[in-house]
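Peer 1: got a sequence here, can you model it:
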Amino acid sequence: METMKDYIEKNRDRFFEELFSLLRIPSVSSLEEHRPDMQRCAERLAGLLKEAGADEASVCQTSGHPVVFASRHVSDDVPTVLVYGHYDVQPVDPIELWKSDPFEPEIRDGAIYARGANDDKGQLFMHLKAFEYLVATGSLRHNVKFIFEGEEEIGSPSLAEWAKEHKDQLSADIILVSDTTMISESVPSINCGMRGLSYVEVKVTGPDKDLHSGHYGGAIANPINVLCDMISSLIDKDGHITVKGFYDDVVNLSDEDRAQLARAPFDLEEYKRFLGISEVKGEAGYTTLERTGIRPCLDVNGIWGGYTGEGAKTVIPSVAHAKISMRLVPNQDSETITRLFEEHFKAIAPDYVKVEVTPCHGGNGFLIPISSKAYQAASRAMTEVYGVEPVPSRGGGSIPILADLQRILGIDPLLMGFGLERDTIHSPNESYLLSQLFAGMESIALFYRYF
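Peer 2: This next block holds a predicted model:
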């Protein structure tokens, strides 16, 4: 029988044309001006799913951006795989740092460069082509369903409700996902879990108008100064988050579990060189990999206020703002953490300012056992492709909707991600190695053989 590798080689140019047709659509979910592009991208995906062999493929409207649903039924007596992915992408700013047009894909140095090349159009495309191969060669032995959403990058505000309404339609045995990274090309890994997220915006207000800093400086509180002081107090000298109750539900891993995760090779000096930093920083008592996988964290994602234009404007601003994210570990509840943060942030505010906390979005983390049949099938498939057994790892990022789907549908997600840190997702010059794109297709096709 024709192998997936042979199928890729025979259809390589067509694969590029189809993937590029998706990458050219600026499906930025966070910007209202791109709403028509979201619909266009969803329709293109539905068309590709039909061409790949789906019995049905439809664009389903939600309270937000559309969901693409497709399926192919083989038999009532075989397992069903539900493939999840997202077709929305991050904004491209700062555009001046891109070496090529972010929505005109370009191949150079063995990689595709474009917004969404990895996250997540390139990775969901692997599932389309693995499915197409299985259908074309008559080797599909599973029922397959696809659910591609257009709101992952903004917290998936509509998908959970849509999934509840279509729970029966989405019934499956496993949720298969490629929206994560692996350790390296030579050391593949499978994520056993991901962190949750609580994301808030804070606003600190002082005087009811901007004021002349010469007339009022030194006599009243500057909201930017106050906000900076409040933020700096959220993490102590040992890297611990000071929000009362923040760690109450954190489960500390056993020495055995920490040793298992420590199997992942990690070169601290190379890590620092790659990031252009002289030293790492984080919670005392934990390694860098543990800090980004098994421990929660708090970060300021943006801060603004006052005058930031060209030249000088001597002003004390009326208002200062910041966006703050908290990555959570399994067992921490996103809504609880958001409430605890709001209570704490308001409690530490001095009397001379007013504070508002606005929850933006969030979700819980999750874990899956490495003893599961799905994990073992993925491990066997990737071992065959890469020639080395993948290492179990924990994802530091968040895909909050997966915890919702796990709860709503009663099935576990399996994260077969093929991205690499070099791909710089969410940043300028996002890319995806062709070798990873094709290895992902091969691994996914083999997963179906072994699951």
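
Peer 1: counting by contacts, list what the helix or strand of the chain with the lowest mean pLDDT packs against.
Peer 2: Ranked by mean pLDDT, DSSP states H and E, the weakest helix or strand in the chain is helix 255-261, scoring a mean of 80. For helix 255-261, the packing partners by 3 or more Cβ pairs under 8 Å, 6 or more residues apart in numbering; DSSP states H and E come out as helix 288-291, strand 391-395. C-beta here means a position set from N, CA and C on the backbone, and glycine is covered the same way.

Peer 1: ok, then the element right after the last one?
Peer 2: When you say that, I think you mean strand 391-395. helix 400-409 (DSSP states H and E).

Peer 1: may I see the buried residues of that following helix?
Peer 2: Applying a neighbour-count criterion of 16 or more other Cβ atoms under 10 Å, the buried positions in helix 400-409 are 400-406, 408-409.

Peer 1: which of those residues sits closest to Gly116?
Peer 2: Ile401 (17.7 Å; Cβ to Cβ).

Peer 1: pull the most distant pair out of the buried residues of helix 400-409.
Peer 2: Longest span within the buried residues of helix 400-409, Cβ to Cβ: Pro400 and Leu409, 15.0 Å.

Peer 1: hey, least reliable of the helices and strands packed on helix 255-261 by pLDDT?
Peer 2: If you rank the helices and strands packed on helix 255-261 by mean pLDDT, strand 391-395 sits at the bottom with a mean of 85.

Peer 1: centroid-wise, who is the farthest residue in this structure?
Peer 2: Distance from the centre of the chain peaks at His215, with 47.4 Å (Cα atoms, centre = their mean).

Peer 1: how about residues contacting the helix or strand hosting that one?
Peer 2: Secondary structure assignment for His215, by DSSP H and E: helix 213-216. Outside of helix 213-216, the residues within contact range by Cβ atoms under 8 Å, 6 or more residues apart in numbering are 207, 314-316.

Peer 1: let's go with 6 Å and repeat that
Peer 2: 314-316 (Cβ atoms under 6 Å, 6 or more residues apart in numbering).

Peer 1: picking that back up, need the winner for burial among the helices and strands packed on helix 255-261.
Peer 2: strand 391-395 (a mean of 21; mean count of other Cβ atoms under 10 Å).

Peer 1: who does that strand pair up with?
Peer 2: Strand 391-395 sits in its sheet next to strand 189-194 (parallel), going by DSSP bridges.

Peer 1: would you say Asp229 is within a helix?
Peer 2: Yes - Asp229: assigned to a helix according to DSSP: H, G, I helix; E, B strand; the rest coil.

Peer 1: okay, it: pLDDT?
Peer 2: In this model, Asp229 carries a pLDDT of 98.

Peer 1: so for stretch 307-315, what gets flagged as buried?
Peer 2: So, applying 16+ other Cβ under 10 Å, buried residues of stretch 307-315: Val315.

Peer 1: roughly how far is it from the heart of the chain?
Peer 2: For stretch 307-315, the separation from the chain centroid amounts to 36 Å (computed by Cα atoms, centre = their mean, to the nearest Å).

Peer 1: so where does Thr358 fall, helix or strand?
Peer 2: strand 354-363.

Peer 1: so what strands line up beside that strand?
Peer 2: In the sheet, strand 354-363 lines up with strand 196-205 (antiparallel) (DSSP bridges).

Peer 1: mind listing what's buried along the strand it pairs with?
Peer 2: 196-200, 202-205.

Peer 1: same deal with stretch 252-266?
Peer 2: 253, 260-261, 264.

Peer 1: got it, and stretch 78-85?
Peer 2: 79-85.

Peer 1: rebuild these as CSV, extending it with pLDDT, distance to Glu421 and secondary structure.
Peer 2: Converted to CSV, the buried residues of stretch 78-85 look like this (pLDDT from 0 to 100; distance: Cβ to Cβ, whole Å; DSSP: H, G, I helix; E, B strand; the rest coil):
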residue, pLDDT, distance to Glu421, secondary structure
Pro79, 97, 33, coil
Thr80, 98, 33, strand
Val81, 98, 28, strand
Leu82, 98, 28, strand
Val83, 98, 24, strand
Tyr84, 98, 22, strand
Gly85, 98, 20, strand
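
Peer 1: those: which two are farthest apart?
Peer 2: Top of the distance list for the buried residues of stretch 78-85 (Cβ to Cβ): Pro79 and Gly85, 19.4 Å.

Peer 1: so which elements touch the longest helix seen in the chain?
Peer 2: Identified as the longest helix of the chain according to DSSP state H is helix 4-23. Using 3 or more Cβ pairs under 6 Å, 6 or more residues apart in numbering; DSSP states H and E, the elements in contact with helix 4-23 are helix 121-136, helix 434-450.

Peer 1: now with 10 Å?
Peer 2: The criterion is 3 or more Cβ pairs under 10 Å, 6 or more residues apart in numbering; DSSP states H and E, and the helices and strands that helix 4-23 contacts are helix 35-52, strand 106-108, strand 111-113, helix 121-136, helix 434-450.

Peer 1: so which of these gets nearest Gly239?
Peer 2: Across the helices and strands packed on helix 4-23, closest to Gly239 is helix 121-136 (Cβ to Cβ), at 32.0 Å.

Peer 1: from the middle of its chain, how far away would the closest one be?
Peer 2: 20 Å.

Peer 1: now do the buried residues in that helix.
Peer 2: For helix 121-136, by 16+ other Cβ under 10 Å, it's 121-135.
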